[in-house]
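A.B. asks: Generate coordinates for the sequence data below:
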Amino acid sequence: MSTVKSPEHQFHELSFYTLAHPDPVYFIHQHAVDAFAAQTADASTKPIKLTFGLIGLYLFLEKGYTGKQVQNAHVKLSQNKKVWPSLPLPAQRGTITVSDVLQAEAGEPRDLMIKHWCESVWAGV
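C.D. replies: Below you'll find the predicted structure:
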C-alpha cells in the first residue's frame, strides 16, 4: 500500500536536504521556502508569507541574490512592523512542484531542479 505524501510533508522532506546543504553562503533552503510559499499560497495564507515568497523569488531570479542574501533581505523587511497588503493570488503556480524536486537525484541535479522550480513558479506571476 503506497501512501501519498502531502505537499507539506514533501516540503519537510526537502527541507532536510536543503538545510543540510554543504554551501551555507548559497543557502539553497531559502529558495525552496520562497518557491513553496508562492506556489501553495491560498486565501488563508498570511499576506507576509506570499509577499516574502515573491520578493525572494524576484531577488534570486531577477537580481542574482544568493539564498543567504535573500534571507538577509527578509530579515530587514521583517524589522518594519507593518501590515502587509493582501496580494492577488498568482493564477499560474508553475508546472514544477516539490514532488518533482524530490524525484531529482540529490546533489547537483536536485539543486538545479530547485532553481527550475523557482523559475517555474516565478514565470506564473
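A.B. asks: Give the residue spans of the chain that score low on pLDDT.
C.D. replies: 1-2 (pLDDT under 70).
A.B. asks: switch to 90 and redo it
C.D. replies: 1-4, 22-26, 80-85, 90-92, 124-125 (pLDDT under 90).
A.B. asks: can you pull the contacts of the closest residue to V83 other than its chain neighbours?
C.D. replies: Spatial nearest neighbour of V83, excluding adjacent residues (CB to CB, 6 or more residues apart in numbering): P47 at 7.7 Å. Glycine gets a C-beta too; all of them are placed from N, C-alpha and C. Contacts for P47 (CB atoms under 8 Å, 6 or more residues apart in numbering) come out as V83, W84, P85, S86, L87.
A.B. asks: can you give me the helices in this protein?
C.D. replies: 7-19, 28-40, 47-63, 67-78, 98-103, 108-123 (DSSP state H).
A.B. asks: ok, so what distance separates the residue nearest to V83 from M113?
C.D. replies: 29 Å (CB to CB, to the nearest Å).
A.B. asks: pretty sure L57 contacts A37?
C.D. replies: No: judged on CB atoms under 8 Å, L57 makes no contact with A37 at a distance of 9.1 Å.
A.B. asks: Make a markdown table from the helices of the chain and add distance to Q92 to it.
C.D. replies: Conversion of the helices of the chain to a markdown table gives the following (distance: least, CB to CB, whole Å):
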| stretch | distance to Q92 |
| --- | --- |
| helix 7-19 | 17 |
| helix 28-40 | 10 |
| helix 47-63 | 13 |
| helix 67-78 | 22 |
| helix 98-103 | 16 |
| helix 108-123 | 7 |
